[in-house]
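1. Pasting a predicted model and its sequence here:
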Protein chains: 2
Amino acid sequence: MRQVQVQLAAAGRAVRAMAAWAEQLAGVKGVVLDISGVLYDSGGEGGGVPIPGSIEAVEKIKASGLKLRFCTNETETTRDKFVEKLQHLGFNILVNEVTAPAPAACRILKERNLRPHLLIRDELVPEFDQLDKTNPNCVVIGDAADNFSYKNLNDAFRILIGMENPILLSLGRGRYYKETDGLKLDVGVYMKALEYACDIQAEVVGKPAKTFFQSALAEMGVEPEQAIMIGDDIVNDVGGAQQCGMRALQVRTGKYRPTCVSGYAPFPSLSDPSIQYLFHFQNVILLNLEMLMQQNEILR
Amino acid sequence: MRQVQVQLAAAGRAVRAMAAWAEQLAGVKGVVLDISGVLYDSGGEGGGVPIPGSIEAVEKIKASGLKLRFCTNETETTRDKFVEKLQHLGFNILVNEVTAPAPAACRILKERNLRPHLLIRDELVPEFDQLDKTNPNCVVIGDAADNFSYKNLNDAFRILIGMENPILLSLGRGRYYKETDGLKLDVGVYMKALEYACDIQAEVVGKPAKTFFQSALAEMGVEPEQAIMIGDDIVNDVGGAQQCGMRALQVRTGKYRPTCVSGYAPFPSLSDPSIQYLFHFQNVILLNLEMLMQQNEILR
């Protein structure tokens, strides 16, 4: 008798969880995927390791008929080379499916006639080949890793402090990311450093900037309320997407840490600890969307 | 007739300025001097250049009978070596007249049984010789200059992010300072970087921390309202001293820049652009104090 009660309670919980998911997913037409920490972990030989199930998850989402866009803050190299690396790792991904900060920054610089001083990785420099960089009138920083030397940061600082209205464009505002050998400081940390040094506010190009998500949505032809973001970063992926009017889920891979960040509500990803990988999310999403479609058929 | 009026107006302004100074200086018994940017500009061969008149100003203040204390955020080397350098430059200064962050930090670390990971200049390391630095349970940062490499900042970050309650002690929170070859990023910039990376608040040891000014005052045996701070930094010298209940003046040497920082009122230094150097301040101070004493004699 008692055993039956326990089983019934468990079944009740499962049904309620499913209903919660179905509610979350109603009307979804497009998926926006973060790349690093969701599709793969960067670093080490070969440039990274796919996260189990993620190659298959991308295939399944593409096959499902959902619109799909990749939205990354990656600035380790040009978008072309980055996509090439992901293809070598086994992902079905094309350059024109990827929204990335450096191409977005180039557009902004051209529009505003800005000549950038670059503090980025050497590998990313070719992305800015088309721009005049003489006598700079702004600073662009990305995740520069070892290029974040004292001398380089000081050079960027001196350019900014010498301007009447300093312009600092930051390719993202992440705190840190995970490579195969551990956590690494990200561009946001150095953005904060320069902001404090010059008493200025940087303009962020990349997640969590609203305009960045909006351009990804425009590329998909999908409204914010029809899209769901899946990322590992509670602030830049989940918070940024939510502020743009999208739904958002947080995977428990990549830089995920079980700490609370006040002001963000990534329901239901945090409520079910068994759902950790993109693969799980994609399974739940596709299963629920299928169910929703069947329900609609029945209701018709 | 018109000329007389002009002369009378000028004389009136001078009298009012003098009265303002006298009001500012009533009851002063001790002077607290910042060192870098007030006594000398650091950098270059010989480690720096005295600012004109400042060697004489120190002598005059000492001869006047006013209490004098030097209060610095300098962490380029140990206090002993630093004072030695200033003596070589010609200053009448002794080690036990100087309040500096590293000795203050050592006291705090000992009191709280903390084992520091140090991110400071190599020359400052001997100041922490007496402390156990194995298996660190806090991070201490100072103005580390070229030691602020990406690798070193990342090492400090990994120690902090791995702790349940990260403790970051920062030797000052300055934005930048001036060396003979230009402006240089100061420790505060990297403090902000680590604060953002780990979502923590650093404990500042040094100006503008109240406890730091209080320990300088205790060494002099003078109450805050009896002391006047002279520095080149509107936030760390002027603002910090004012928040501690002291009066404060800003010289127009060192890192002084003619920009407004809201919330600080360094009257009257900003109201009289002819008063720029410590030498001028000392002249005005000693002249006014003499006048005040004579007035008191007359009133008696």
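-> Structure's in. What do you need? Residues are numbered from 1 along each chain as shown, chains lettered A, B, ... in the order given.
2. now the residue nearest to the spatial centre of chain A: how far from B:Leu118?
-> The residue lying closest to the centre of chain A (C-alpha atoms, centre = their mean) is A:Asp34, at 3.7 Å. Distance of A:Asp34 to B:Leu118, given as C-beta to C-beta, to the nearest Å: 36 Å. Where C-beta positions appear, they are placed from N, C-alpha and C, glycine not excepted.
3. and if you look at A:Val187?
-> When distance is defined by C-beta to C-beta, A:Val187 is 26 Å away from B:Leu118.
4. For these two, indicate the residue with more neighbours.
-> Neighbours per residue, other C-beta atoms under 10 Å in any protein chain shown: of A:Val187 and B:Leu118, the larger number sits with A:Val187, 28 against 22.
5. Quickly list what A:Phe70 is bridged to.
-> As for beta bridges, A:Phe70 partners with A:Leu33, A:Val98 under DSSP bridges.
6. so what does the helix ranked longest in chain A touch, helix or strand wise?
-> When chain A is parsed with DSSP state H, its longest helix is helix A:2-25. Counting contacts by 3 or more C-beta pairs under 8 Å, 6 or more residues apart in numbering or on different chains; DSSP states H and E, helix A:2-25 packs against helix A:278-299.
7. pLDDT averaged over stretch A:131-151 - what is it?
-> Averaged over stretch A:131-151, pLDDT sits at 97.
8. okay, how far is it across that stretch, tip to tip?
-> Length of stretch A:131-151, first residue to last, C-alpha to C-alpha, to the nearest Å: 24 Å.
9. Off-centre distance for it?
-> 23 Å (C-alpha atoms, centre = their mean, to the nearest Å).
10. got the buried residues for that stretch?
-> Of all the residues in stretch A:131-151, those buried under the rule 16 or more other C-beta atoms under 10 Å in any protein chain shown are A:136, A:138-145, A:147-150.
11. contacts with chain B among these, please.
-> A:Ala144, A:Ala145, A:Asn147, A:Phe148, A:Ser149, A:Tyr150 (C-beta under 8 Å from any C-beta of the partner chain).
12. In a markdown table: these, plus secondary structure.
-> Shown next, in a markdown table, are those (DSSP: H, G, I helix; E, B strand; the rest coil):
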| residue | secondary structure |
| --- | --- |
| A:Ala144 | coil |
| A:Ala145 | helix |
| A:Asn147 | helix |
| A:Phe148 | coil |
| A:Ser149 | coil |
| A:Tyr150 | helix |
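13. who in chain A is up against chain B?
-> Counting by C-beta under 8 Å from any C-beta, chain A comes close to chain B at A:144-151, A:153-154, A:157-158, A:161, A:175-176, A:182-185, A:188-190, A:192-199.
14. Check those for burial and list the buried ones.
-> A:144-145, A:147-150, A:153-154, A:157-158, A:161, A:175-176, A:183-185, A:188-190, A:192-198.
15. Which of those fall in strands?
-> The strands, defined by DSSP state E, take in A:Tyr176, A:Leu183, A:Lys184, A:Leu185 from these.
16. Export these as TSV, with columns for pLDDT.
-> TSV is the format used below for those (pLDDT from 0 to 100):
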residue	pLDDT
A:Tyr176	92
A:Leu183	92
A:Lys184	95
A:Leu185	97
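17. Any chance of TSV for those, columns distance to A:Arg79?
-> Formatted as TSV, those follow (distance: C-beta to C-beta, whole Å):
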residue	distance to A:Arg79
A:Tyr176	22
A:Leu183	25
A:Lys184	21
A:Leu185	23
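18. and those residues, which two are the farthest apart?
-> Within these, two members stand farthest from each other by C-beta to C-beta: A:Leu183 and A:Leu185, at 8.0 Å.
19. Which residues are in contact with each of those two?
-> Taking C-beta atoms under 8 Å, 6 or more residues apart in numbering or on different chains as the contact rule, A:Leu183 and A:Leu185 both touch A:Tyr176, B:Asn154, B:Phe157.
20. which one of the residues you listed is nearest B:Pro101?
-> Nearest to B:Pro101 among those: B:Phe157, at 21.3 Å, using C-beta to C-beta.
21. Please tell me I have it right and the closest one contacts B:Ala197.
-> Yes. Counting by C-beta atoms under 8 Å, B:Ala197 is a contact partner of B:Phe157 at 5.2 Å.
22. Can you pull the residues that touch both of these two?
-> A:Tyr176, A:Leu185, A:Val189.
23. pLDDT score assigned to the last one?
-> Note for A:Val189: predicted pLDDT of 98.
24. next one: A:His280
-> Confidence score, pLDDT, at A:His280: 81.
25. Roughly how far does it sit from A:Val31?
-> Distance, A:His280 to A:Val31, by C-beta to C-beta: 14 Å.
26. out of those two, which sits in the more crowded spot?
-> With neighbours defined as other C-beta under 10 Å, A:His280 and A:Val31 compare such that A:Val31 has more, 27 against 17.
27. Verify the assumption that that one is located in a helix.
-> No. A:Val31 is assigned strand when assessed by three-state DSSP, not a helix.
28. Was I right to think it contacts A:Leu66?
-> Yes. Proximity of A:Val31 to A:Leu66 meets the contact threshold set by C-beta under 8 Å, at 5.4 Å.
29. Hmm, A:Asn154 is touching B:Lys184, no?
-> Yes. Between A:Asn154 and B:Lys184 a contact is recorded at 6.1 Å, counting by C-beta under 8 Å.
30. give the contact list for A:Ile51.
-> Neighbour list for A:Ile51: A:Gly37, A:Val38, A:Leu39, A:Tyr40, A:Asp41, A:Thr253, A:Gly254, A:Tyr277, A:Leu278 [criterion: C-beta under 8 Å, 6+ apart].
31. Give me the buried positions along stretch A:120-134.
-> A:Ile120, A:Arg121, A:Leu124, A:Glu127, A:Phe128.
32. What lies in contact with that stretch?
-> In contact with stretch A:120-134 (C-beta under 8 Å, 6+ apart) are residues A:75-79, A:81, A:102-103, A:106, A:109-110, A:115-118, A:140-145, A:147, A:171.
33. Show me where the stretch 151-300 of chain A dips below the pLDDT cut-off.
-> Where the stretch 151-300 of chain A drops to pLDDT under 70, the residues are A:258-274, A:291-300.
34. can you give me the helices for it?
-> A:187-198, A:210-220, A:240-243, A:278-299 (DSSP state H, counting those that start in this stretch).
35. Just name the most buried of those helices.
-> Highest mean neighbour count among those (mean count of other C-beta atoms under 10 Å in any protein chain shown): helix A:187-198, with a mean of 25.
36. mind checking how far it is from the chain centre?
-> 21 Å.
37. Next, the angle from it to helix B:187-198.
-> 150 degrees (axes from the mean of the first three to the mean of the last three C-alpha atoms, to 10 degrees).
38. Helix A:187-198 - contacts with which helices or strands?
-> Looks like helix A:187-198 contacts strand A:138-141, helix A:150-161, strand A:168-171, helix B:187-198 (3+ C-beta pairs under 8 Å, 6+ apart).
39. Try it again at 6 Å.
-> helix A:150-161, strand A:168-171, helix B:187-198 (3 or more C-beta pairs under 6 Å, 6 or more residues apart in numbering or on different chains; DSSP states H and E).
40. Determine the set of other helices and strands touching the shortest one.
-> In this case it means strand A:168-171. Identification of packing neighbours for strand A:168-171 by 3+ C-beta pairs under 6 Å, 6+ apart yields strand A:138-141, helix A:187-198, strand A:203-205.
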